[in-house]
Each structure stands twice: as C-alpha cells, then as structure tokens.
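Student: this one's sequence-less:
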C-alpha cells in the first residue's frame, strides 16, 4: 500500500465520484479506477459499491476511510516538520473554511502567506461550519475558519473578525419598501430561502431568533441551498426573504437586484480553529499570525 493509493482512495471516497476525484488530484479517471481496483484486489475487500454509473462507499470502505485520513494526516505532519527544519522552503498546509470566509475574507490572508512562503502549497477545502470542524477533528486540515462559534471541547477557537448578517429581499417584495420589522414579523410575514442546516449563517440567524424569544421552527422555509450564490439567486428571483453576510449581499444591493430589509441582526464572529492536542506546525502558526493581524 502506498501513500498515493491512500490519497486516491480518500479523494474518491469524499466525493463518491471517480471523475471528480481524478480532476482534483490531476490524474486520469482510468488511473484512479486502477488504483482503487488494485487495493481491493490485493486485500480481498470491496471498498465501493458500483451502482449503475455511480459509486458509493461500502461499510468496509467507510471504516477504512477514517484510517486512511489519519495516516495521510500523519504523513503531512511529518512533511511539515521537515519543511520547518528547512526554513519553510517547501511543504503543504491544509486549510478548511466555511463559504463566506473562503470567498470574501480569507483569500487576501492566503495571498500574504504565499508572498512570504511561495513554496509552501496551500490546499483549501470549502464546506459548512460542521464540515470545517470535522476536518480539524480528524486531522485532514491544520487550520479552520468558520462563521460563529461551535461547541467542540477538542478545538481551540480565536476570533479573527466581525461580520454582520443581513436580511435581503427582491425589489418587488413587500419588505423592499423599508418599513421597520420586528423579529416576530420574520416568522409571520414571509417565506424564506436559507442555507442548509450546519452552515454558520443559518446557525447564527436561528440563534438571533431564539435570543429574541422567537422559535426558528416557526419560519416558513420553502427551500434550502448549499451555497450563498444559490440563496442569493433564489431570493432575487422570487418572493422569499433570505439571510446572508453583508459582504455577500452588498454588491447585489448596489446593483439594485436586492434590497436590505429594515431590521438589524446581531453581529457574529469569524473564528479560527485548531486542535488543542495536535502539533501546531510552524506554517500553521505563521498563517494564524497573519489572520490575526488582519483584525
């Protein structure tokens, strides 16, 4: 078994798609398929079910995925140790971030790091807040960046920035006229399109409702989406309200495609995560320092 086979297996397992995995790791689909088949044949196991043109992990594959991730994480840690001994001249740093941060706040931070250490490769994975915390917990990422806080005792969290959530509607929505709204109005006067459960934006919005003694279960949610872009598009095209970061909404408001509803939501924090018990590499420490300097 080689590290390359493990890398290929994890890429396929995380996406349950041969072609997409091949694109990410810059191999041909046939090479990816052959590597998986060699593993299965040599060890006499079935890692994936082939269902028509789809693949999905078998129970054996799911168990092996945790081991493969842990092994690759240790290999990356060893690589970073050598890179540090060489003055951060080479190596790989794995970073996970939730969508809003990854799209708007984090890129300048990553570019500053790259300017100082151009031969350290940064692998950025993007998901929701739960995905990011899981990546830090299982060791597949060295640093994580999320919107809001998460209750996970094994993780260290530090605030890196403040952000404002905004309720947005299409120009033909009743709330586009600018009348002042209460939190109770949010659950009685409109339907909603929101991010999926597990996203920082959704979590912070629901927390704000609870603090105002309004139950999030009263919201008339007609659709949920896995990205800010799809939420924005749905809100602009229909008669439902949405909640996104002000940094996401402002360009669309300036274009006249959306209006900000007249209600103020509490500020939330952008947080940086790392594991309390895992070695914090020099590269991760430098990136963390740059992120804190951006405050």
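Tutor: Noted; the coordinates are in hand. These numbers were taken from a predicted model, which means no experiment stands behind them.
Student: any idea how far residue 191 lies from residue 137?
Tutor: Using CB to CB, to the nearest Å, residue 191 is found at 36 Å from residue 137. In short, each C-beta sits where N, CA and C put it, glycine included.
Student: Repeat that for residue 242.
Tutor: The gap separating residue 242 from residue 137 is 30 Å, by CB to CB.
Student: for residue 248, same thing?
Tutor: From residue 248 across to residue 137, the span is 27 Å (CB to CB).
Student: For the closest residue to residue 202 other than its chain neighbours, list each beta-bridge partner.
Tutor: Leaving aside its chain neighbours, residue 202 sits nearest to residue 195 (4.5 Å; criterion: CB to CB, 6 or more residues apart in numbering). Note on residue 195: beta-bridge partners residue 225, judged by DSSP bridges.
Student: contacting residues for residue 195?
Tutor: Taking CB atoms under 8 Å, 6 or more residues apart in numbering, we find residue 195 in contact with 128, 201-202, 224-228, 231, 243.
Student: Just the buried residues of these.
Tutor: Neighbour counting with 16 or more other CB atoms under 10 Å marks 128, 201-202, 224-225, 228, 231, 243 as buried within the contacts of residue 195.
Student: can you put the residues you listed in a markdown table and add secondary structure?
Tutor: Formatted as a markdown table, these follow (DSSP: H, G, I helix; E, B strand; the rest coil):
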| residue | secondary structure |
| --- | --- |
| 128 | coil |
| 201 | helix |
| 202 | helix |
| 224 | strand |
| 225 | strand |
| 228 | helix |
| 231 | helix |
| 243 | strand |
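Student: chain center to stretch 103-117, what's the gap?
Tutor: In terms of CA atoms, centre = their mean, to the nearest Å, the centre of stretch 103-117 is found 17 Å from the chain centre.
Student: So what's the residue count around the residue nearest to residue 192 when sequence neighbours are not counted?
Tutor: Once flanking residues are discounted, residue 192 sits nearest to residue 221: 4.9 Å by CB to CB, 6+ apart. As a burial measure, residue 221 scores 13 neighbours (other CB atoms under 10 Å).
Student: hmm, who's touching the host helix or strand of residue 221?
Tutor: Secondary structure from DSSP states H and E places residue 221 in strand 220-225. Contacting residues not belonging to strand 220-225 are listed as 187, 190-197, 231, 234, 240 [CB under 8 Å, 6+ apart].
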